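Participant: Just a sequence and a predicted model for now, questions to come.
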Amino acid sequence: MVKNNIIVWFRNDLRVLDNPTLSKASKTDGNVIPLFILDKQLFNGARSSQNRNRFLIESLINLDNNLKKIKSRLIIAEGDPELILSEYCKKYEVSSVYISEDYTPYSIKRDNAVTNSLNKNGIQVNKFPGRLVVSNLDAIRTKTESIFKVYTPFYNNWSLIQRRQVCPIPEKINTPADIYSIELPKISDLDKKYLSPNVSLGGEDKALEIFNSFKSKNIFDYNEAHNDLPGDKTSRISPYLHFGCISALYMESSVGQSDGETAWKRQLCWRDFYNYILFNYPSNIRSEFQEKYRNLKWNNNDALLKAWQEGKTGYPIVDAAMRQLNNEGWMHNRGRLIVGSFLTKDLFIDWRKGEDYFQKMLIDGDISNNNGNWQWIASVGVDPAPVFRRIFNPTLQQEKFDPDGVYIKKYVPELKNVPLKYLGDPSLMPNDVQEESGCKIGKDYPFPIINHSEARKMTLEEFSRV
Ligand SMILES: Cc1cc2nc3c(=O)[nH]c(=O)nc-3n(C[C@H](O)[C@H](O)[C@H](O)COP(=O)(O)OP(=O)(O)OC[C@H]3O[C@@H](n4cnc5c(N)ncnc54)[C@H](O)[C@@H]3O)c2cc1C
């Protein structure tokens, strides 16, 4: 009798609840090998992140625990996925490899290479949905069968798409005892240089805890409160979504129809939208979606870039947000918009440099979301709007979204005693106020590195030149 042994190759789907790939595999009459392959390209490559590596290790430990509850466990291997999979398939008489669909150019290329190589040896590769709220990106087309490039019509279409059933946790997975597994890397061995001190814990259990708490409280205020920087009332579920510790569809199906809940579900659609855009336009990974903006003459000033990265621009709201990123490996969405506008419109530094730094630091650093949002804020991507609408005045942003300076004072302690009326631009403080607040401009806190009104004018000129 042929054995239907299956490998479930985990990647960005590190969960047991609503994991269609695992759920389908659990129904085999053979054995199941839940396998995670540490891919050096992702773990140590140019776009890797120590914050995400730590989060990944924690998520894998938690997945192993959750698999043990259903009589299985996580097998770890390290190396080139193509070689590892073919070795494991041969050694353990595996007839199929099950994977959850992934949509970035890198993962599509990798999955195609693996599929071709395994197929040559008679092994099937079966793909299942689970990454996004909707299951089939190919099905989303305008009335003229083209790709949506504007968000709202995409959202209207997306809202009407039939959802798949949520999959319960399998009752039992049959994993033999003698499968070879290596140890996970130790968190203490990670390079400390880019490890942020206050990063949240990875894993499915933590994801469910965060989501359940959000869904019972803050979600109801989401409409009014999602831009409130000190309030910090968004879900903070993004890193868990990135690693698939929680399912977007499971969350969508678990919340109701109140204004706050509906507004929050609409945010989940942005994630599907940017996956859809990069899936359909893979060249966006390095080039502007709008061809006319591929010749902008960006400013190559490394000192300005460094000041932005370190949160030392002299604009408190920008600096607070960048320091939140450096400290927590995460930043509030309003902060991301402010620092994104500041880098690309005030400093006129190439959006790719901002995207790279975010990718290095963010625990939710996600190729599709990061790329889509950077192109959006730089005004070079899909969902276009006139450039001036996406140039934010940092001082006004502070007045609107951190009116009492609570967020600023939390992340920029040297401004702790600066009076509120100077928090938009501390360089306006008279000398005696600087003395009293213990914050000497140029010594304790920098002068603004750029003049916002002049920078705005030059940016608009450069956009109209091209
Ligand atoms: C310049 C810039 C870069 C960004 N880079 C990333 C990134 O690398 N990874 C990432 O997940 N998000 C990114 N975002 C989007 C957004 O800032 C984060 O998803 C959000 O702040 C995460 O916090 P939350 O989970 O509390 O969000 P909530 O407000 O609770 O929203 C719930 C979920 O909806 C999705 N979502 C919300 N807003 C967006 C958006 N604008 N685009 C795509 N999905 C969205 C996220 O999955 C989020 O977790 C970026 C935004 C900007 C402006």
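Facilitator: It's in. Numbers count the residues shown, from 1 in each chain.
Participant: going forward, measure contacts between C-alpha atoms and count neighbours the same way
Facilitator: Noted.
Participant: residues in the stretch 301-450 of the chain within reach of the ligand, list them.
Facilitator: Contacts of the stretch 301-450 of the chain with the ligand, taken as C-alpha under 6 Å from any ligand atom, map to 332-333, 336-337, 340, 364-366, 369-370, 373-374.
Participant: now do 5 Å
Facilitator: Residues of the stretch 301-450 of the chain lying close to the ligand (C-alpha under 5 Å from any ligand atom) are 332-333, 336-337, 364-366, 369-370, 373-374.
Participant: neighbour-wise, which of these leads?
Facilitator: Using other C-alpha atoms under 10 Å as the neighbour test, those are led by G365, with 27 neighbours.
Participant: ok now do it, which residues does it touch?
Facilitator: For G365, the contacting residues are 52, 239, 242, 358-359, by C-alpha atoms under 8 Å, 6 or more residues apart in numbering.
Participant: repeat for D366
Facilitator: Here D366 is in contact with 242, 359 (C-alpha under 8 Å, 6+ apart).
Participant: hmm, who's touching the longest helix belonging to the chain?
Facilitator: With secondary structure taken from DSSP state H, the chain has its longest helix at helix 259-280. Under the contact criterion C-alpha under 8 Å, 6+ apart, helix 259-280 has outside partners 103-105, 132-134, 137, 147, 149, 151, 154-155, 158, 219-223, 248, 252, 255-256, 284-285, 368-369, 372.
Participant: what's the next secondary structure element after it?
Facilitator: helix 302-310 (DSSP states H and E).
Participant: List the buried residues for that following helix?
Facilitator: By 16 or more other C-alpha atoms under 10 Å, the buried positions in helix 302-310 come out as 304-305, 307-309.
Participant: averaged over its residues, what pLDDT does it have?
Facilitator: What helix 302-310 shows for mean pLDDT is 98.
Participant: and it, what other elements does it pack with?
Facilitator: Packing partners of helix 302-310 (3 or more C-alpha pairs under 8 Å, 6 or more residues apart in numbering; DSSP states H and E): helix 316-328.
Participant: what's the spacing between the helix it packs on and its chain's center?
Facilitator: Centre-to-centre, helix 316-328 and its host chain are 17 Å apart (C-alpha atoms, centre = their mean, to the nearest Å).
Participant: how far off helix 302-310 does it point, in degrees?
Facilitator: Orientation note: helix 316-328 sits at an angle of 70 degrees relative to helix 302-310 (axes from the mean of the first three to the mean of the last three C-alpha atoms, to 10 degrees).
Participant: now the angle from the next helix or strand after helix 316-328 to helix 316-328?
Facilitator: Downstream of helix 316-328, the first helix or strand assigned by DSSP H and E is helix 333-341. Using the same axes, to 10 degrees, the direction of helix 333-341 lies 110 degrees away from that of helix 316-328.
Participant: now what about helix 333-341, what contacts it?
Facilitator: Contact with helix 333-341 is made by 227-229, 317-318, 321-322, 351, 354, 374, 377-378, 390-392, 394, 397, as judged by C-alpha under 8 Å, 6+ apart.
Participant: Return the subset of the residues you listed lying in helices.
Facilitator: Those of the contacts of helix 333-341 mapping onto helices are 317-318, 321-322, 351, 354, 374, 377, 394, 397, per DSSP H.
Participant: before we move on, back to that, briefly note if the longest helix of the chain comes near the ligand.
Facilitator: Yes - using C-alpha under 5 Å from any ligand atom, helix 259-280 reaches the ligand at 267-268, 270-271.
Participant: one step back: drop anything exposed from the contacts of helix 259-280.
Facilitator: The buried subset of the contacts of helix 259-280 - by 16+ other C-alpha under 10 Å - is 103-105, 132-134, 137, 147, 149, 154-155, 158, 219-222, 248, 252, 255, 284-285, 368-369, 372.
Participant: Once you drop chain neighbours, what's closest to L208?
Facilitator: Take L208 and drop its neighbours on the chain: the residue closest to it by C-alpha to C-alpha, 6 or more residues apart in numbering is I246, 7.0 Å away.
Participant: neighbours around the one you found, how many?
Facilitator: Neighbours of I246 using other C-alpha under 10 Å come to 30.
Participant: was I right about it contacting Y240?
Facilitator: Yes - contact status for I246 versus Y240: in contact at 6.0 Å, counting by C-alpha atoms under 8 Å.
Participant: before we move on, what SS does K360 have?
Facilitator: Following DSSP: H, G, I helix; E, B strand; the rest coil, the label given to K360 is helix.
Participant: which residues does it contact?
Facilitator: K360 makes contact with 47-51, 194, according to C-alpha under 8 Å, 6+ apart.
Participant: Doesn't S135 lie inside a helix?
Facilitator: No - counting by three-state DSSP, S135 falls outside a helix, being coil.
Participant: quick revisit: enumerate the positions of the longest helix of the chain that are buried.
Facilitator: 260-266, 268-280.
Participant: Then stretch 343-354?
Facilitator: 343-352, 354.
Participant: returning to that earlier point: give me the pLDDT value at the residue nearest to L208.
Facilitator: The model reports I246 with a pLDDT of 99.
Participant: Averaged pLDDT, stretch 340-352. What do you get?
Facilitator: 98.
Participant: Between the two ends of it, how far is it?
Facilitator: For stretch 340-352, the first-to-last residue distance is 11 Å (C-alpha to C-alpha, to the nearest Å).
Participant: can you put the residues of helix 259-280 next to the ligand in a markdown table and add pLDDT?
Facilitator: Supplementary listing: the residues of helix 259-280 next to the ligand in a markdown table, determined by pLDDT from 0 to 100:
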| residue | pLDDT |
| --- | --- |
| Q267 | 98 |
| L268 | 98 |
| W270 | 98 |
| R271 | 98 |
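Participant: Which single one of these is nearest to Y422?
Facilitator: Q267 (34.1 Å; C-alpha to C-alpha).
Participant: Name the next helix or strand downstream of the helix or strand bottoming out on mean pLDDT in the chain, please.
Facilitator: The weakest-scoring helix or strand in the chain, judged by mean pLDDT, DSSP states H and E, is helix 40-44 (a mean of 82). Toward the C-terminus, helix 40-44 is succeeded by helix 50-68 as the next helix or strand (DSSP H and E).
Participant: Return the residues in contact with L420.
Facilitator: Residues near L420 by C-alpha under 8 Å, 6+ apart: 404-405.
Participant: where are the low-confidence patches of the stretch 1-150 of the chain?
Facilitator: Scanning the stretch 1-150 of the chain for pLDDT under 70 picks out 1-2.
Participant: Quickly list the domain ranges of the chain.
Facilitator: 5-130, 132-166+204-280, 291-465 (automatic domain parsing).
Participant: How far off centre is the first one?
Facilitator: Distance, stretch centre to chain centre, for domain 5-130: 20 Å (C-alpha atoms, centre = their mean).
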